[in-house]
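*Asks:* Any chance you could fold what I've pasted below:
(chains A and B)
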Number of protein chains: 2
Amino acid sequence: MNFEFQNPTHLIFGTGSITKLGEATKRYGKKALIVTGGGSVKRNGTFDKAIASLKTTGIQYVECTGIEPNPRLSSIIRGRDIARREKCDVIIALGGGSAMDAAKAIAAAVLYNGDPWDMFFHGQQNQYFPTEAMPLIAIPTLAATGSEMNCGAVITNEESKIKSFVQVPCLYPKVALVDPELTVSVPKDQTAYGVCDIITHITEGYFNGVDDTPIQDRFAEGAIQTVLEYGPKAVENGNNIEARTQVQWASIVALNGWVQSGTNGGYPVHMIEHALSAHHDVTHGAGLAVVNPAWMRFAAKNRPAKFAQFARRVMGITEKFANPLDLANAGIDKFEEFLRSIGCPTRLSELKIGEELLEQYAKDALQVLKDENGCLPARPPMTKEDIVSMLRTAL
Amino acid sequence: MNFEFQNPTHLIFGTGSITKLGEATKRYGKKALIVTGGGSVKRNGTFDKAIASLKTTGIQYVECTGIEPNPRLSSIIRGRDIARREKCDVIIALGGGSAMDAAKAIAAAVLYNGDPWDMFFHGQQNQYFPTEAMPLIAIPTLAATGSEMNCGAVITNEESKIKSFVQVPCLYPKVALVDPELTVSVPKDQTAYGVCDIITHITEGYFNGVDDTPIQDRFAEGAIQTVLEYGPKAVENGNNIEARTQVQWASIVALNGWVQSGTNGGYPVHMIEHALSAHHDVTHGAGLAVVNPAWMRFAAKNRPAKFAQFARRVMGITEKFANPLDLANAGIDKFEEFLRSIGCPTRLSELKIGEELLEQYAKDALQVLKDENGCLPARPPMTKEDIVSMLRTAL
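*Replies:* Numbers count the residues shown, from 1 in each chain, chains lettered A, B, ... in the order given. The predicted model follows:
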């Protein structure tokens, strides 16, 4: 258990926090690039609230609108060029994970003279690790990626169809301004996919990390239990502000490092899902709902005791089983039932994905990340064949 | 659940971390003031390890030795004067909570022209809230206070016999260098008192915070459960590095804000214990072991459901009870038994404290902190009479 941790993001959490945007931004700049997605923030009034707050402290702004659900490299270049041309000195992300991740990539790209794609892992010889970025204020309008309080970003290269990530300290937002009230208009399906994303962020470290991390296990289990309790309430009634608040808070702690510290876990489910959603128009959280249970059944055979612990402590399975693997699988079955109960797909066919490109997804995932043996880092490490056969069980 | 959170400390955790001190210090200065306690770090070789690492990067140093177990204002003034005279540009704390807290106070005092006591709450008209401090590297040699990754410090004014605290963002250490191996020589009694300190840091927020913080509840319960499991192992065999590691990690998360975020809890047990140890030569953790169970029995009457939850989830009480308060008290009894089992005192008489000064302790606690009604902030708020009668049950 040797590790380092530092997360400098200033979190401002709570209903009504959006009114503090002007004050928060003033500390970092005078002219903001506001990065948004498909326009929902304009339709539901969130954009107007943000602008009203910016006006109170005299912040000017320009916009980079239309960031796609799986944000593309071309959007990063577009945003970078606007920020440079308009001489912006601070970036505000207002949207879901896509807008926030795009804003992070833009923040680093503005200060880099090369191709922004250099900063994402894709098997290149000369990886660029950004060491500086423009100051960023992140305002999530969806509880899912936790991007507002971590230093990672995921971007798709639409030409090569590779979806990859960057994770460097300079990408921590200066401020995460988190107002659960902004999420009340998120539709049921996107709320459910967000719930799945949150849980998957936690299960990745929980199942792929090192042994003997008892506090991290308890933190992970506690955060998931809370999402299992409040997630369905948020799906059921979007105006339930208590449920929205708990799910929003869970989305932050799920990926701000508190749960993962010292686990040194991999992200195989994310890596494989990224390969899917680079080829298909699939919401990230929906893709995870399909891949995670299939991956869990694959990995449980290698480490039944940990999956049995998940079954007992998280899924509340109390029956006796002949062996730990049976208990583990009962827990996975119950988890999959939970995903279906809130409206998530759990089969590739529901995403309109067939078996045609299974080899390609595996190859793409390994192009982004592989260990010294050519395997996807995970517990156990996955060969290309492992990935293909695991995905085949989810058809 | 409206709150802000920011903890910028760079944590470097793990066996052997002490060898990274030179590199870590180099980023902040060239000449260090090393703050230590009664000399154990010299006897057990820890000081030599620190110096060996500092030499690798050419860091010069001077010393401020002999910080007392309940560090005194005069020691702060002495350390401040050494740092000024020797033109130190970075401070290294090497010791337990006392050395770390003193180092924090010195770090702020060096940059303040007034009396350092101004920065501690003691009922004064003009409170000084430090906004700048010298960079600090904190290296704990005891798992207890968590001072290495928080922004608080507790100091005793030996003249007025008031023990008080300061808590401001500039006091976060730049680096927390945490090497569990440094704690293997801590004797059984101090190890046990540290365990009690850790648990009490968590119970304060858990029992005094707002309602409806399910993730924080789970985090708190998980951290305490881990300490209940590994604490006795560390007491039993000081060389059990796995136990030392888990207890050390628990001491950090117990008070770095991760467990408390959004709970907005008070610290009545600490405030009352501070009043005791300002008058008597009592180790903080031992004082807490006496005050906490007595306080819990007092507070459970006001909020039996939360204490019943503690009994079920943390203390593992499974029997049925006629009402929540009986369950709550069974949990408190079991917690007190745990404290006794690892060698902690649980009565004031064991600390050689009688009933003579009960009124004085209550008065002192309220001098440091009181709400608009003159009560100690807690759940429920405590009058002077509440404090006296609660302490009387612990005689």
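
*Asks:* How about the residues of the stretch 101-250 of chain A by chain B?
*Replies:* Applying C-beta under 8 Å from any C-beta of the partner chain, we find that the stretch 101-250 of chain A lies next to chain B at A:212, A:214-215, A:217-219, A:221-223, A:225-226, A:229-230, A:242, A:245-246, A:249-250. Where you see a C-beta, it was placed from the backbone N, CA and C, and this is true even at glycine.

*Asks:* Could you list the buried residues of the helix or strand A:Q360 falls within?
*Replies:* Take DSSP states H and E as the rule and A:Q360 turns out to sit in helix A:358-368. The neighbour-count criterion (16 or more other C-beta atoms under 10 Å in any protein chain shown) identifies A:L358, A:Y361, A:A362, A:D364, A:A365, A:L366, A:Q367, A:V368 as the buried residues of helix A:358-368.

*Asks:* Going by distance to chain B, which of these wins?
*Replies:* For these, the closest approach to chain B (C-beta to the nearest C-beta) belongs to A:V368, at 28.2 Å.

*Asks:* Do I have it right that A:K31 meets A:I92?
*Replies:* No. In this structure, A:K31 sits apart from A:I92 without contact. The criterion is C-beta atoms under 8 Å, and the distance is 10.7 Å.

*Asks:* follow-up on the earlier one: next, format the buried residues of helix A:358-368 as CSV and append pLDDT.
*Replies:* As requested, the buried residues of helix A:358-368 are arranged in CSV below (pLDDT from 0 to 100):
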residue, pLDDT
A:L358, 98
A:Y361, 98
A:A362, 98
A:D364, 96
A:A365, 97
A:L366, 97
A:Q367, 95
A:V368, 94
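
*Asks:* how far out from the middle of the chain is the helix or strand that contains A:I199?
*Replies:* In the assignment (DSSP H and E), A:I199 maps to helix A:188-208. Using C-alpha atoms, centre = their mean, to the nearest Å, we find the averaged C-alpha position of helix A:188-208 to lie 8 Å away from the chain's own average C-alpha position.

*Asks:* could you point out which element follows it?
*Replies:* Once the chain leaves helix A:188-208, the next helix or strand it forms, by DSSP H and E, is helix A:214-236.

*Asks:* and the residue nearest to the spatial centre of chain A, what element?
*Replies:* Central residue of chain A (C-alpha atoms, centre = their mean): A:T145, 3.1 Å from the mean position. Using DSSP H and E, A:T145 maps to neither a helix nor a strand.

*Asks:* wait, it sits on A:L255?
*Replies:* Yes. Using C-beta under 8 Å, A:T145 is in contact with A:L255, at 7.1 Å.

*Asks:* Please enumerate the helices of the stretch 51-200 of chain A.
*Replies:* Ranges of helices in the stretch 51-200 of chain A, per DSSP state H, counting those that start in this stretch, are A:73-85, A:97-109, A:188-208.

*Asks:* For the last one, what does the pLDDT average out to?
*Replies:* To tie it back to what came earlier, the one meant is helix A:188-208. Averaging pLDDT along helix A:188-208 yields 98.

*Asks:* could you dump that helix to PDB, C-alpha only?
*Replies:* Listed in PDB are the C-alpha atoms of helix A:188-208, where the atom choice follows Å, rounded to 0.1, in the frame of the first residue of the first chain:
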ATOM      1  CA  LYS A 188     -35.000   8.900 -16.600                       C
ATOM      2  CA  ASP A 189     -32.700   7.100 -19.100                       C
ATOM      3  CA  GLN A 190     -29.800   9.400 -18.700                       C
ATOM      4  CA  THR A 191     -30.200   9.400 -14.900                       C
ATOM      5  CA  ALA A 192     -30.100   5.600 -14.900                       C
ATOM      6  CA  TYR A 193     -27.000   5.600 -17.200                       C
ATOM      7  CA  GLY A 194     -25.300   8.000 -14.800                       C
ATOM      8  CA  VAL A 195     -26.100   5.700 -11.900                       C
ATOM      9  CA  CYS A 196     -24.400   2.900 -13.700                       C
ATOM     10  CA  ASP A 197     -21.400   5.100 -14.500                       C
ATOM     11  CA  ILE A 198     -21.000   6.000 -10.900                       C
ATOM     12  CA  ILE A 199     -21.200   2.400  -9.700                       C
ATOM     13  CA  THR A 200     -18.800   1.200 -12.400                       C
ATOM     14  CA  HIS A 201     -16.200   3.900 -11.400                       C
ATOM     15  CA  ILE A 202     -16.200   2.300  -8.000                       C
ATOM     16  CA  THR A 203     -16.300  -1.400  -9.000                       C
ATOM     17  CA  GLU A 204     -13.200  -0.900 -11.300                       C
ATOM     18  CA  GLY A 205     -10.900  -0.100  -8.400                       C
ATOM     19  CA  TYR A 206     -12.700  -2.400  -6.000                       C
ATOM     20  CA  PHE A 207     -12.300  -5.500  -8.100                       C
ATOM     21  CA  ASN A 208      -9.000  -4.600  -9.900                       C
END
